[in-house]
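> output the structure for:
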Amino acid sequence: MAFRRSDWDKYRDNDVTPEAVFNQRRKLIQALGAGSVAGPLEGLAAAGRVGAAVVGALGAATVARAEVKIAGSVALAECADLPATKNNRWATLEKVTDSSLVTTYNNFYEFGTDKSDPARHALSLKTRPWSVVVEGECNRPRTFAIEDLLKLAPMEERIYKFRCVEAWSVVVPWIGYPLSRLLKAVEPNSRAKFVAFETLADPQQMPGLRSPVLDWPYKEGLRMDEAMHELALLTFGQYGKVLPNQSGAPIRMVLPWKYGFKSIKSIVRIRLTEKQPPTSWNDSAPREYGFFSNVNPMVDHPRWSQATERRLGEGALGGLFAPRRKTELFNGYAEAVQGLYAGLDLKKWF
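A predicted model of the protein is given here:
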């Protein structure tokens, strides 16, 4: 096919396949053709777990998924190292999920609603310069440059379990420090009862904003006692590296006892408030997504059970046919956080 010079003008740097991905693709396809995927698929068909008619489609989907995983691995490998001291107090002993899954199977609707969209499209996000406004009910409001936030407190690595409201889970070594260190720096006053967060909303960088799936910008919130809890991690990295764009670079929250959508990404604004702030999913579907949204196997989502979950990376095809595991109250962190909700009916206050 011949290209006119004007055809090349349609393409940007971000449209070019990274060299490492291109070089790995041939090896990947050769391996798949040699039976590394065909064998498990055929075995599943023979066992009656999938119909023979869908084996070909699954094989094609697996090839595409594997290519996205390579792209995610390349993106993480290209991130700068982020040294941190391991905090064993909060480190789960469960097996850490492979980084290629964590960086390519996630929700970040600003880049699209498919699980692989963030890995495909987040290269457009520019994380320098970056600043976070911290304001509201505090004595020392301030705009922090990301460089200042990186130096505000010592970095810790914490291996947390992470549970999505969609009933899948991962185990990730995150890097950051307690959100309380930032909040104390702005000196909350007596009227500060809640903390509101806001994600960047730039349609030029985030193609998902063209969709009305949510009322942009993305918003989240916590009660002040939740925000000050030691488990609430202001997060800058994972797997020993700074966050790749698709994981919420350059700064996000990780709240391991809550469903994953509470762990807001790419933060640009934090506001201390007297009243409970609006949050995106609670505003969009209050019957399905509560303000607290603590992991609770006793309270089902209206459209699926929360009693069990699927751990990415377990079972055949990277967890596609993984056995279900029981979900723990507060995602296994009940001993640390249940005191925050003393007196609340956990079946009502979801």
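> would you map the helices across the stretch 101-250 of the chain?
Along the stretch 101-250 of the chain, counting by DSSP state H, counting those that start in this stretch, helices occupy 117-121, 146-151, 179-186, 224-227.
> domains in this structure, by residue range?
5-77, 85-341 (automatic domain parsing).
> for residue 217, which non-adjacent residue is spatially closest?
residue 201 (3.6 Å; C-beta to C-beta, 6 or more residues apart in numbering). C-beta here means a position set from N, CA and C on the backbone, and glycine is covered the same way.
> how about the strands in the stretch 251-350 of the chain?
Applying DSSP state E, counting those that start in this stretch to the stretch 251-350 of the chain gives strands spanning 252-254, 267-273, 308-311, 325-326.
> got the domains of the chain as TSV, with mean neighbour count, mean pLDDT and distance to residue 347 columns?
Formatted as TSV, the domains of the chain follow (neighbours: other C-beta atoms under 10 Å; pLDDT from 0 to 100; distance: least, C-beta to C-beta, whole Å):
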stretch	mean neighbour count	mean pLDDT	distance to residue 347
domain 5-77	14	48	35
domain 85-341	19	96	6
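> same list (the ones you listed) but as JSON lines, adding distance to residue 350.
Output for the domains of the chain, formatted as JSON lines (distance: least, C-beta to C-beta, whole Å):
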{"stretch": "domain 5-77", "distance to residue 350": "32"}
{"stretch": "domain 85-341", "distance to residue 350": "4"}
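> rewinding a little: of the strands of the stretch 251-350 of the chain, which approaches residue 194 most closely?
strand 267-273 (4.8 Å; C-beta to C-beta).
> name the helices or strands packed onto that closest one?
strand 131-136, helix 179-186, strand 194-199 (3 or more C-beta pairs under 8 Å, 6 or more residues apart in numbering; DSSP states H and E).
> any idea of the angle the second one forms with strand 131-136?
It refers to helix 179-186. If you take axes from the mean of the first three to the mean of the last three C-alpha atoms, to 10 degrees, helix 179-186 sits at 70 degrees to strand 131-136.
> got the angle for helix 179-186 vs strand 267-273?
Going by the same axes, to 10 degrees, helix 179-186 makes 70 degrees with strand 267-273.
> give me the angle between helix 179-186 and strand 194-199.
Angle, helix 179-186 to strand 194-199, by the same axes, to 10 degrees: 100 degrees.
> which helices and strands does helix 179-186 pack with?
strand 131-136, strand 142-145, helix 224-227, strand 233-238, strand 267-273.
> now do the last one: distance to the chain's middle.
Spelled out, that is strand 267-273. 19 Å (C-alpha atoms, centre = their mean, to the nearest Å).
> contacts for it?
Identification of contacts with strand 267-273 by C-beta atoms under 8 Å, 6 or more residues apart in numbering yields 130-138, 182-183, 186, 188-189, 192-200, 221, 224, 251-253, 277.
> so what strands line up beside it?
Strand pairing for strand 267-273, using DSSP bridges, gives strand 131-136 (parallel), strand 194-199 (antiparallel).
> so which of these comes closest to residue 281?
Per C-beta to C-beta, nearest to residue 281 of those: strand 194-199, 12.5 Å.
> ok, residues contacting the closest one?
110, 136, 179, 183, 217-224, 227, 253, 264-277.
> want to try TSV for the strands of the stretch 251-350 of the chain, with distance to residue 105 as columns?
Output for the strands of the stretch 251-350 of the chain, formatted as TSV (distance: least, C-beta to C-beta, whole Å):
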stretch	distance to residue 105
strand 252-254	17
strand 267-273	22
strand 308-311	11
strand 325-326	17
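> closest to residue 114 out of those strands?
Nearest of the strands of the stretch 251-350 of the chain (C-beta to C-beta): strand 308-311, 17.5 Å.
> which strands and helices sit next to that closest one?
Strand 308-311 packs on strand 168-178, strand 325-326, going by 3+ C-beta pairs under 8 Å, 6+ apart.
> can I get these in CSV with distance to residue 240?
Putting the helices and strands packed on strand 308-311 into CSV (distance: least, C-beta to C-beta, whole Å) gives the following:
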stretch, distance to residue 240
strand 168-178, 7
strand 325-326, 27
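> tell me which of those lies nearest to residue 213.
Ranking these by proximity to residue 213 (C-beta to C-beta) places strand 168-178 first, at 19.4 Å.
> can you name every helix or strand that the closest one contacts?
Counting contacts by 3+ C-beta pairs under 8 Å, 6+ apart, strand 168-178 is packed against helix 99-102, strand 156-163, strand 233-238, strand 308-311.
> which one of those lies closest to residue 150?
Using C-beta to C-beta, the helices and strands packed on strand 168-178 put strand 233-238 closest to residue 150, at 6.3 Å.
> what angle separates the closest one from helix 179-186?
Going by the same axes, to 10 degrees, strand 233-238 is angled at 120 degrees with respect to helix 179-186.
> would you mind writing the CA trace of strand 233-238 as CSV?
Only the C-alpha atoms of strand 233-238 are listed here, as CSV (Å, rounded to 0.1, in the frame of the first residue of the first chain):
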residue,chain,number,x,y,z
LEU,A,233,-1.7,5.4,51.1
LEU,A,234,-0.8,8.4,49.0
THR,A,235,0.8,6.5,46.2
PHE,A,236,3.5,7.3,43.7
GLY,A,237,4.8,4.0,42.5
GLN,A,238,4.4,0.2,42.2
